[in-house]
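[1] Please find the sequence and the predicted model below.
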Amino acid sequence: MERTLIKDAISKIGEIVRLCGWVNTRRDHGKIVFLDLSDRTGVIQVITDQIVNVGSAVEIIGSVKKRPEGLFNPKLITGEIELKAKEVKILAQSETYPFDMGKPTLDLELPTLLDFRSLTLQHPKIKEIFKVQETILEAFRKTATGLGCTEIVVPTIAASATEGGAEVFDFDYFGHKVYLTQSPQLYKQMLIPVFERVYTICKAYRAEPSVTTRHLTESTQMDCEFAFVDFLQLLGLLEEVGTKMVKAVEKKDGEILEDFGVDKIAFGKIPRLKLREAQEIIFKEFGRDVKEEKDLNAQDEINICKWALEKHKSDFVTITHFPTKKRAFYTMPDPEDKEYSLSYDLLFRGLEILSGSQRINDYQQLVETIKDRGMNPTDFEMYLMAFKYGMPPEGGFSFGLERLTKNILNLENIREASLFPRDMERVDKRLRNE
RNA sequence: GGACUCGUAGUGUAGCGGUUAACACACUUCCCUGUCACGGAAGAAAUCGCCGGUUCGAAUCCGGUCGGGUCCGCCA
């Protein structure tokens, strides 16, 4: 007999069907036993007299019935029907889970959540995090494609430590020292003269010894790069991509946002502030003098987002013109004040979720900048080659997928927004110093 | 790297000088034909992270150690 998906059972009242899925919970009333059966499309109540362990994979043949009047369950899409089982076949018996999977929220401490990752991911509410992530990825692809970008796949093994800034992982490569890339930056720039506009979804590696709620050593970046654009156009592009991703989640996963108790997202016109202007606002509105700082710290980001929400009804804020010295070498200095750069960060609900810049596209200027930073142009031979042959004005940006997911769902820790998070102390299992 | 915090059944917590170490969920057995976080009865399950000290007496106080967590720094 052909398998029926749970959501399709709704239209099969009176028919005999075969359902496949997992037993979520069991309510045993003696002569009558209720099972909640789930598959990828939903959950249905099954009536049987058999005891089946929670978690087991089963195949159930039975008849779809309309529930008696007054016994509907509005929480289920199948709440007006149920399956009267004729035959329950256990395909794979489940052991007892180390915690209660039946509760609406898995109430576990973070280390427990991650120690049992292959099990905790099965919980409906945790699964939802990654359905949202899927929506973000889907919307990013769709928006970038709509903007004329070609999707590219870039390497994560590189011969030079490249960009400076973050610490990088190095390892032995057939007797040579090579590095894991901290961003797809150089590769997407090299592909500008090929495709004019590109995007990539890739992994980025940072060996920073940071143990915080917002850092991963392996993150997923969503990157775009555009040719023939100026600074203001770039700001428009990043705000469009950012807004569309969040709107897609609101549209497609509204119920999940409700489940997580998330406030309605504010889409007012996104304020654009130079770093100095943002610092001025923080001083005036929050009484904290950070005007000498070269970047915003975590508290600054929270403050300025609060201001943007109150004054501009926007959960986003764009911060521009960071000090040139604090940014990667390929960042274009502001021609009007070279101390500052044509760079930007996008903040969303108190956290930086994107950064990027207008790039230096002039070959000579790029070579000089690399030298000024104490790096060697010969380490960038292939990269620089592209700039000798008609590199147009260009720029781009990079979104952090896990950070965006964390902040959309108001998760406490970024590790919750990664299926298998890597940090200083964990690569699937806990690492111990021997 | 620095500061502050927390380690108690499988899980999440309570207890903070003398308790038979408590509660909830999960688990086992029994009862229950309408539950949907089902309900009811009984039960199993913890050398209170580890080592040492103070004390007549330590889960509880002190020191050390190991392991978490949060914040700061670094960083995206």
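    Cool, got the structure. Numbers count the residues shown, from 1 in each chain, chains lettered A, B, ... in the order given.
[2] Any idea how many residues pack against residue A:156?
    Per other C-beta atoms under 10 Å, the neighbour tally for residue A:156 reads 15. To be clear about C-beta, it is placed using only N, CA and C from the backbone, and glycine gets the same treatment.
[3] Quick check: end-to-end length of stretch A:365-378?
    15 Å (C-alpha to C-alpha, to the nearest Å).
[4] close to RNA strand B, is it?
    No: using C-beta under 7 Å from any atom of the strand, stretch A:365-378 stays clear of RNA strand B, with a minimum separation of 13.0 Å.
[5] do stretch A:409-426 as well
    Yes: counting by C-beta under 7 Å from any atom of the strand, RNA strand B is contacted by stretch A:409-426 at A:412, A:413, A:425.
[6] Please report which of those has the highest neighbour count.
    residue A:413 (16 neighbours).
[7] Run through who's touching stretch A:135-144.
    Identification of contacts with stretch A:135-144 by C-beta atoms under 8 Å, 6 or more residues apart in numbering yields A:151, A:199, A:201, A:222, A:224, A:240-241, A:244-245, A:247-249, A:252-253, A:399, A:401, A:404-405, A:408.
[8] Which members of the residues you listed are positioned in strands?
    Counting by DSSP state E, the contacts of stretch A:135-144 place A:151, A:199, A:201, A:222, A:224, A:399 in strands.
[9] Settle this for me: residue A:384 is touching residue A:363, isn't it.
    Yes: the criterion here is C-beta atoms under 8 Å, and residue A:384 meets it with residue A:363 at 6.8 Å.
[10] tally of neighbours for the nearest residue to residue A:197 once chain neighbours are set aside?
    Nearest in space to residue A:197, with sequence neighbours left out and distances taken as C-beta to C-beta, 6 or more residues apart in numbering, is residue A:149 at 4.3 Å. As a burial measure, residue A:149 scores 24 neighbours (other C-beta under 10 Å).
[11] pLDDT value on residue A:149, please?
    As summarised for this prediction, residue A:149 has a pLDDT of 98.
[12] and what of the one 3 residues further on?
    The pLDDT attached to residue A:152 in the predicted structure is 98.
[13] The one 10 residues further on too?
    If you check residue A:162, the pLDDT there is 66.
[14] do the same with the one 5 residues further on
    Note on residue A:167: pLDDT of 83.
[15] Name all residues that make contact with the residue nearest to residue A:197.
    Residue A:149 sits in contact with A:195, A:197, A:198, A:199, A:224, A:225, A:226, where contact means C-beta under 8 Å, 6+ apart.
[16] For the residues you listed, which two are the farthest from each other?
    A:195 and A:224 (11.5 Å; C-beta to C-beta).
[17] Looking at these two, which has the bigger crowd around it?
    Comparing residue A:195 with residue A:224 by other C-beta under 10 Å, the one with more neighbours is residue A:224, at 25 against 16.
[18] thought the more buried one was touching residue A:234?
    No: using C-beta under 8 Å, residue A:224 makes no contact with residue A:234, being 9.5 Å away.
[19] quick revisit: ok, of the contacts of stretch A:135-144, which come out buried?
    Buried members of the contacts of stretch A:135-144, counted by 16 or more other C-beta atoms under 10 Å: A:199, A:201, A:222, A:224, A:241, A:244-245, A:248-249, A:253, A:399, A:401, A:404-405, A:408.
[20] Of those, which are in range of RNA strand B?
    Answer for the buried ones among the contacts of stretch A:135-144 near RNA strand B: none qualify (C-beta under 7 Å from any atom of the strand).
[21] Now for residue A:63, how many residues are close by?
    15.
[22] Now do the helices in chain A.
    In chain A, the segments counted as helices under DSSP state H are A:110-115, A:117-120, A:124-146, A:185-190, A:192-195, A:231-252, A:254-259, A:275-286, A:298-312, A:363-372, A:381-388, A:401-409.
[23] Centre of the chain to the fourth one, how far?
    In other words, helix A:185-190. 22 Å (C-alpha atoms, centre = their mean, to the nearest Å).
[24] same deal with the first one?
    On the basis of C-alpha atoms, centre = their mean, helix A:110-115 sits 19 Å off its chain's mean C-alpha point.
[25] Just the buried residues of that helix, please?
    A:113, A:114, A:115.
[26] wait, which of the residues you listed is closest to residue A:230?
    residue A:114 (44.3 Å).
[27] Now do that closest one against residue A:408, distance only.
    21 Å (C-beta to C-beta, to the nearest Å).
[28] for RNA strand B, what are the nearby residues on the stretch 1-150 of chain A?
    So far as C-beta under 7 Å from any atom of the strand goes, the stretch 1-150 of chain A lies against RNA strand B at A:25-32, A:34, A:36, A:45, A:47, A:53-54, A:67-68, A:71-73, A:75-76, A:79, A:82, A:96-100, A:102-104, A:107-112.
[29] let's see 6 Å
    A:25, A:27-32, A:34, A:45, A:47, A:54, A:67-68, A:71, A:73, A:75, A:82, A:96-100, A:102-104, A:107-112 (C-beta under 6 Å from any atom of the strand).
[30] before we move on, what about the stretch 251-400 of chain A?
    A:297, A:298, A:299, A:352, A:355, A:400.
[31] Mind picking the two most distant members of those?
    Longest span within those, C-beta to C-beta: A:299 and A:400, 19.3 Å.
[32] Looking at these two, which is more packed in?
    residue A:400 (24 against 13).
[33] mind listing what that one touches?
    A:219, A:220, A:221, A:222, A:352, A:353, A:354.
[34] Closest to RNA strand B out of those residues?
    Nearest to RNA strand B out of the contacts of residue A:400 is residue A:219 (C-beta to the nearest atom of the strand; 3.9 Å).
[35] isn't that closest one right up against residue A:203?
    Yes: contact criterion C-beta under 8 Å: residue A:219 and residue A:203 qualify, at 7.2 Å.
[36] who has more neighbours, the two?
    residue A:219 (23 against 14).
[37] The nearest residue to residue A:376 once chain neighbours are set aside and residue A:163, how far apart?
    Excluding the flanking residues, the one nearest residue A:376 by C-beta to C-beta, 6+ apart is residue A:370, at 7.4 Å. Computed with C-beta to C-beta, the distance linking residue A:370 and residue A:163 is 11 Å.
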